[in-house]
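Asker: The following block contains a protein sequence and its predicted model.
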Amino acid sequence: MSGFFQRLFGTQKNQTEELTAEPLPEEPFFPPVESYQEHLEPPQLFAGSAQSVGMQREHNEDSLFMLTTTVASNKLPVNFGLYIVADGMGGHRFGEVASELAVRILAEQVTQKLLMPLFRPAQETPQDSIQEILRDGVYTAHREITKETPGGGTTLTAALMLGERLTIAHVGDSRAYLFDNDEVRTLTRDHSLVKRLVELGQITAEEAAIHPQRNVLYRALGQGEPLEADISTFSLPESGYLMLCSDGLWGVVPQEELLEIVKESTTIQQACQRMVNAANEKGGPDNITVILVRLLG
């Protein structure tokens, strides 16, 4: 088992820059198996989700995927979590097709190349690293969307939790956040025109929030070549929350309010539904999707 994980995490090639939370350097993911003898219980993951078409849209172009499982032995207990949010765009219902393709293809790639080998003999472990598996899945989805939905496209934000590490694959302007105590850390960078203008100092964040082109993306699956995905690996906190969401949530409900909802809710599912309700109460201008994962060490 140790060789399996060291192979997966020994090569980290594409660390995203300019993130609020710093990505990890290139190094083996797991220490020697002996160090786990006193830590046989894996950290627990508890996940929930919620969606809404919103108050001003006729159908939902968002898609999501959640998978949480545990693989444990007397040597190496590991939690596995895969969470994906995709926000489709394009006329003639191509947006919802594009987002569904993105979620299905990436989920299939990861489960076939990463999860299923956990149940096979050690010599069948994958040759690619976690980041390479995610990157290949994103590019496969991009090619299929380009072929099947001309004019359509989608964002894609995926989080893969394995052991004590989190790897993010990201294209577009859906987002991933970490809520750690009272701190909110953004793990992704929007691939939008207004975000780029903010980075260049041409407009302020306040101006970006009301800019007429705030929803225009310069990078999305199915929208031109070449595609470049941001792939980064982070260390998970011992406790806290990971949140993935479409811009129908983060673009409407302030971060501080989202954090308060999480802190005040009694269950993960209640928190997700309260977030969706908050976005709809503020007008619900877009489809709303949220996945919330509690990390409990």
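Answerer: Ah, there it is. Numbering: from 1, shown residues only.
Asker: which helices and strands does the longest helix that the chain contains pack with?
Answerer: As assigned by DSSP state H, the longest helix anywhere in the chain is helix 130-148. Applying 3 or more C-beta pairs under 8 Å, 6 or more residues apart in numbering; DSSP states H and E, one finds that helix 130-148 contacts helix 94-110, strand 156-162, strand 165-171, strand 230-235. For every residue, glycine as well, the C-beta is placed using N, CA and C.
Asker: between the ones you listed, which gets nearest to Met275?
Answerer: For Met275, the closest of those is strand 156-162, at 15.9 Å, according to C-beta to C-beta.
Asker: Name the residues that touch that closest one?
Answerer: 5, 8, 29, 45, 78-86, 102-103, 106, 110, 114, 130, 134, 138, 141, 166-172, 174-176, 188, 221, 229, 236, 242, 244, 293 (C-beta atoms under 8 Å, 6 or more residues apart in numbering).
Asker: Contacts only, for Thr204.
Answerer: Val198.
Asker: before we move on, back to that, which stretch among the helices and strands packed on helix 130-148 approaches Thr149 most closely?
Answerer: Across those, closest to Thr149 is helix 94-110 (C-beta to C-beta), at 4.1 Å.
Asker: What are the buried residues along the closest one?
Answerer: 94-107, 109-110 (16 or more other C-beta atoms under 10 Å).
Asker: then it to PDB, C-alphas only?
Answerer: Extracted as PDB, the C-alpha positions of helix 94-110 are listed here (Å, rounded to 0.1, in the frame of the first residue of the first chain):
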ATOM      1  CA  PHE A  94     -26.000  22.600 -24.600                       C
ATOM      2  CA  GLY A  95     -25.000  24.000 -21.200                       C
ATOM      3  CA  GLU A  96     -26.600  21.200 -19.200                       C
ATOM      4  CA  VAL A  97     -25.300  18.600 -21.600                       C
ATOM      5  CA  ALA A  98     -21.800  20.000 -21.300                       C
ATOM      6  CA  SER A  99     -21.800  20.100 -17.500                       C
ATOM      7  CA  GLU A 100     -23.200  16.500 -17.200                       C
ATOM      8  CA  LEU A 101     -20.500  15.300 -19.600                       C
ATOM      9  CA  ALA A 102     -17.800  17.000 -17.600                       C
ATOM     10  CA  VAL A 103     -18.900  15.500 -14.300                       C
ATOM     11  CA  ARG A 104     -19.500  12.000 -15.700                       C
ATOM     12  CA  ILE A 105     -16.300  11.700 -17.600                       C
ATOM     13  CA  LEU A 106     -14.000  13.100 -14.900                       C
ATOM     14  CA  ALA A 107     -15.700  10.900 -12.300                       C
ATOM     15  CA  GLU A 108     -15.300   7.800 -14.500                       C
ATOM     16  CA  GLN A 109     -11.600   8.600 -15.100                       C
ATOM     17  CA  VAL A 110     -10.800   9.000 -11.500                       C
END
